[in-house]
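>>> make a model of this:
(chains A and B)
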Amino acid sequence: MTTLDSSKEIQKNNSEVNETHEDFRMFGLITFLIADGMTFAGFFAAYLTYKAVNPLPDGAIYELELPIPTLNTILLLVSSATFHKAGKALLKDKNSDSQKWLFFTAFLGIIFLICQLFEYFHLPFGLTDNLFASTFYALTGFHGLHVTLGTLMILIIAWQSRINGGRLTSRNMFPLEAVELYWHFVDGIWVVLFIILYLL
Amino acid sequence: MTISIDPQKTNNESLQPKGWLRYFSFSLDHKVIGIQYLVCGFLFYLIGGTLASAIRIELASPMSDFMPRDVYNQVLTLHGTIMIFLWIVPVVNGAFGNYLIPFYVGARDMAFPRLNAVAFWLIPPSGLMLVASYFVEGAAQAGWTAYPPLSITTPQSGQIIWILSVLLLGGSSIFGGINFIATIIKLRRPGLKLMQLPMYCWAMLGTSLLVVLSTPVLAGTLILLSFDIIANTGFFNPVLGGNVVVYQHLFWFYSHPAVYIMVLPAFGLVSEILPVHARKPLFGYTTMVFSIMGIVVLGLVVWAHHMFTSGTPPWMRLFFTIATAFIAVPTGIKFFNWVATLWGGKISINSAMLFSCGFIINFVFGGITGVALAQVPFDIHVHDTYFVVAHFHYIVYGGTVFIIFSSIYHWFPKVIGKMLNEKLGILHFIITFIGFNLCFAPQHWLGLNGMPRRVAEYDPQFQFVNQISSLGALLMAISTIPFLINVFLSVRNGKNAGDNPWNALTPEWLTSSPPPVENWEGEAPLVEEPYGYGKEISEQK
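A predicted model of the protein is given here:
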């Protein structure tokens, strides 16, 4: 049970009423992630429809190499595990361990983004070359935007979990839990994206 | 009737809301935000209504003489976009939802008050941006649907501003939806069961599910469309190998549910208003709940009935025709329930009741033409004609806007603490009802005879019927005047309403009018039977 800002204000205004309610921030985040997932679902649906009905025109190049995206998949899956480690460490009040794991997770995210950019620069097609090229860049780019935001948020909570004066403690786990859920979501989307874009 | 009210209900003046400046602030109070939504939406309604009047003036004569053709296209695009995204969706969801839902679930505010304020404050800038795009290089011209390739080939600046504006409004809508779902499911007062909630909560829960599931798809689609316009990609551009039908599928995956986003809350509101003014319990509560959820599920799988002429394969036509016809079942159940609620009731003929009854009549017409339009052979005949225009105006104006007015008459005493003038209200209803039907009923005939929509010029043989329609539009424009006079007079020196002028049982009437900042002085009342009308008498016996 957590007392939220709104109920704190209530107590200030009306001291007779002492109300607390369950913490539903996580519920709100899950609803938001469902909405976000629907955006990806729209993109995937568009890509699959193009695959089914729009043939690749003659002479158009749309070739994807597997090694870098496979490495990226492994990077993200490992980063999910390291994030989980950070949460476990924080729960046991080992703040410095938690911070190390968080920085390592952010590092993996940055490596992912560098690999992604490296792939972009070495692909034989550009954004406007053909329909599949456009869809490929739109999907991976939109996902990359999510990874960028996620990495920034991980760096922020890593800063917040510092030992002296950090607001992230075992009693205030919500920021970490929220970013962790978001990060797992982004990983999950990547796995779906990897299967649909690279393996199919 | 079990309503437990805190016995220590005292009038603490210091808790009464004060000052009109808070309506221009980043207020976190759900009641202030609700009024912000309503007033902001109404201002955009006046702009959209002016644009509609311009359209009807243009169509009073067969030639395009009132404005140039491209301006006509801009006007109809702005009219559609403003009315849908800035008037109906924000008002019927945001305004009444924010005002009523916390009362109905027995809470002091929405689940996420800050997110709520952010959701509202996204609306005025995006609306102003949209209106201002007219003065840049001309507004968007591709209709509110923005179908490519038209939206790719018309002037870019207007279309891009349109996309940005709709993206912001979509974001606002999603934030609102998340907030409503969390409030209804998580913030209910202890002891209040889901099946004891007033019907508007269920309607808003269903609507918010649709918002959360379908609006992001529109956002993604519009991002792809903006890439087509700015970055010269070819997602929806056949010249570059793209596929326009994919846009239509993605667009209607949002925009068909959008119809339910506009009309389900109205279903909820009318379910609140009818029992109060007929003094009878809402007929068939459980079937109402299941009908709403049925409409939500079916509403997500019928989108391609807008695309029967877009080269859809036969199996798809068959599936979407059948699925659409199925929606008539839950909708029909709701209609019979409303009629049964009125049946044998002690009906007060006041403005709120009249607008609700007007809604029932208009919506039956709109519903019947809707079922007709879902049939492929008929749809191919009237596709993109005035029949479609008549159909959806019967749904969104005759349906939802009538309910918005009905709700304003019903809840004005609670919000302001003063009664609205009934005579002016009934005058407003009569002019609106006659004007509306005079404007849109003849358009069925125009459509059946093949007059295409969204064109500034038409065959001279349609002139007389178009002039009747324009006369109706004039009446609709005039009908706003008694309403505005009524609101201004009543806010200044209306009759004092007291806490519960309608003797209603839903929780928002169990507090003072206007309600205090935290909704209740003491603990929130537990209302187990929000529609327990008529039981007082049987208990006395």
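
>>> ok, A:Ala46 - contacts?
Contacts for A:Ala46 (Cβ atoms under 8 Å, 6 or more residues apart in numbering or on different chains) come out as A:Thr135, B:Thr221, B:Leu224, B:Phe235, B:Val246, B:Leu250. Heads up, the C-betas are built off the backbone N, CA and C, glycines and all.

>>> one more time with 7 Å
Shown in contact with A:Ala46 (Cβ atoms under 7 Å, 6 or more residues apart in numbering or on different chains): A:Thr135, B:Val246, B:Leu250.

>>> CSV for those, including distance to B:Ala473 and pLDDT?
Below are the contacts of A:Ala46 laid out as CSV (distance: Cβ to Cβ, whole Å; pLDDT from 0 to 100):
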residue, distance to B:Ala473, pLDDT
A:Thr135, 44, 92
B:Val246, 36, 94
B:Leu250, 33, 95
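
>>> narrow those residues to those in helices?
Using DSSP state H, the members of the contacts of A:Ala46 that fall within helices are A:Thr135, B:Val246, B:Leu250.

>>> quick one: which of those residues is nearest to B:Trp315?
Set against B:Trp315, the nearest of the ones in helices among the contacts of A:Ala46 by Cβ to Cβ is B:Val246 (18.0 Å).

>>> just to check, the closest one is in contact with A:Lys51?
No - using Cβ atoms under 7 Å, B:Val246 makes no contact with A:Lys51, being 11.2 Å away.

>>> if you count what's nearby, which of the two comes out ahead?
Using other Cβ atoms under 10 Å in any protein chain shown, the more surrounded residue of B:Val246 and A:Lys51 is B:Val246, with 23 against 15.

>>> and the more buried one, what is it in contact with?
A:Ala46, A:Thr49, A:Tyr50, B:Phe236.

>>> which positions in stretch A:189-200 come out as buried?
A:Ile189, A:Trp190, A:Leu193, A:Phe194, A:Leu197, A:Tyr198 (16 or more other Cβ atoms under 10 Å in any protein chain shown).

>>> so is that stretch next to chain B?
No - using Cβ under 7 Å from any Cβ of the partner chain, stretch A:189-200 stays clear of chain B, coming no nearer than 12.8 Å.

>>> may I have that stretch exported as PDB, CA atoms only?
Coordinates of each C-alpha in stretch A:189-200 appear next as PDB, following Å, rounded to 0.1, in the frame of the first residue of the first chain:
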ATOM      1  CA  ILE A 189       9.000  -6.300 -29.400                       C
ATOM      2  CA  TRP A 190      12.500  -6.800 -30.700                       C
ATOM      3  CA  VAL A 191      12.200 -10.600 -30.700                       C
ATOM      4  CA  VAL A 192       8.900 -10.300 -32.600                       C
ATOM      5  CA  LEU A 193      10.500  -7.800 -35.000                       C
ATOM      6  CA  PHE A 194      13.600 -10.100 -35.500                       C
ATOM      7  CA  ILE A 195      11.400 -13.100 -36.400                       C
ATOM      8  CA  ILE A 196       9.100 -11.100 -38.700                       C
ATOM      9  CA  LEU A 197      11.700  -8.900 -40.400                       C
ATOM     10  CA  TYR A 198      14.800 -11.100 -40.600                       C
ATOM     11  CA  LEU A 199      13.700 -14.800 -40.300                       C
ATOM     12  CA  LEU A 200      10.400 -14.800 -42.300                       C
END
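
>>> tell me the average confidence for that stretch?
Mean pLDDT, computed over stretch A:189-200, is 93.

>>> got a list of contacts for that stretch?
A:Phe40, A:Phe44, A:Tyr47, A:Leu64, A:Leu66, A:Pro69, A:Thr73, A:Leu76, A:Phe136, A:Leu139, A:His143.

>>> switch to 8 Å and redo it
So stretch A:189-200 is contacted by A:37, A:40, A:44, A:47-48, A:51, A:64, A:66, A:69, A:72-73, A:76-77, A:136, A:139-140, A:143, A:146 (Cβ under 8 Å, 6+ apart).

>>> are any of those buried, and which?
Buried among the contacts of stretch A:189-200 by 16+ other Cβ under 10 Å: A:37, A:40, A:44, A:47, A:69, A:72-73, A:76, A:136, A:139-140, A:143, A:146.

>>> and B:Asn233, helix, strand or coil?
Careful, residue B:233 is Thr and not Asn. The three-state label given to B:Thr233 by DSSP: H, G, I helix; E, B strand; the rest coil is coil.

>>> same question, the one 3 residues further on
Here B:Phe236 is coil, with the state taken from three-state DSSP.

>>> any idea how far it is from B:Ile273?
From B:Phe236 over to B:Ile273 the distance is 43 Å, taken as Cβ to Cβ, to the nearest Å.

>>> looking at these two, which is more packed in?
Neighbours were counted for B:Phe236 and for B:Ile273 using other Cβ under 10 Å; B:Phe236 has more, 28 against 24.

>>> I'd like to know how far the more buried one sits from chain A.
As judged by Cβ to the nearest Cβ, to the nearest Å, B:Phe236 and chain A stand 9 Å apart.

>>> right, and that residue touches B:Pro148 too?
Yes - assessed by Cβ atoms under 8 Å, B:Phe236 is found in contact with B:Pro148 at 3.8 Å.

>>> shared neighbours, the two?
Joint contacts of B:Phe236 and B:Pro148 (Cβ under 8 Å, 6+ apart) are B:Leu225, B:Asp228, B:Gly242, B:Val244, B:Tyr247.

>>> okay, who's weakest in those by pLDDT?
Lowest confidence among the shared contacts of B:Phe236 and B:Pro148: B:Gly242, with 88.

>>> looking at chain B, which helix or strand does the model trust least?
None of the helices or strands of chain B scores lower by mean pLDDT, DSSP states H and E than strand B:3-4, at a mean of 36.

>>> quick check: what element follows it along the chain?
helix B:30-58 (DSSP states H and E).

>>> where exactly do the helices run in the stretch 101-250 of chain B?
Remark: helices assigned in the stretch 101-250 of chain B by DSSP state H, counting those that start in this stretch are B:113-121, B:123-132, B:150-153, B:156-186, B:199-230, B:244-278.

>>> got CSV for the ones you listed, with distance to A:Thr82 too?
Below are the helices of the stretch 101-250 of chain B laid out as CSV (distance: least, Cβ to Cβ, whole Å):
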stretch, distance to A:Thr82
helix B:113-121, 30
helix B:123-132, 40
helix B:150-153, 45
helix B:156-186, 29
helix B:199-230, 29
helix B:244-278, 36
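
>>> for B:Gly234, phi and psi?
Main-chain dihedrals, B:Gly234, degrees, to the nearest 10: phi -130, psi 40.

>>> rewinding a little: from the ones in helices among the contacts of A:Ala46, which is closest to B:Ile430?
Nearest to B:Ile430 among these, counting by Cβ to Cβ, is B:Leu250 at 42.7 Å.

>>> rewinding a little: tell me the one of the buried residues of stretch A:189-200 nearest chain B?
Taking Cβ to the nearest Cβ as the measure, A:Ile189 is the one of those closest to chain B, at 12.8 Å.

>>> helix, strand, or coil at that closest one?
A:Ile189 - assigned by three-state DSSP - is helix.

>>> need the pLDDT of the residue nearest to A:Val53 when sequence neighbours are not counted.
Spatial nearest neighbour of A:Val53, excluding adjacent residues (Cβ to Cβ, 6 or more residues apart in numbering or on different chains): B:Asn243 at 6.6 Å. For B:Asn243, the pLDDT comes out at 90.

>>> count the neighbours of B:Lys193 for me.
Neighbour count for B:Lys193, taken as other Cβ under 10 Å: 8.

>>> where does pLDDT dip in the chain?
As the question left the chain open, I've gone with chain A. A:1-22 (pLDDT under 70).

>>> other chain: chain B
Using pLDDT under 70, the flagged stretches of chain B are B:1-18, B:535-541.

>>> thank you kindly, that will do.
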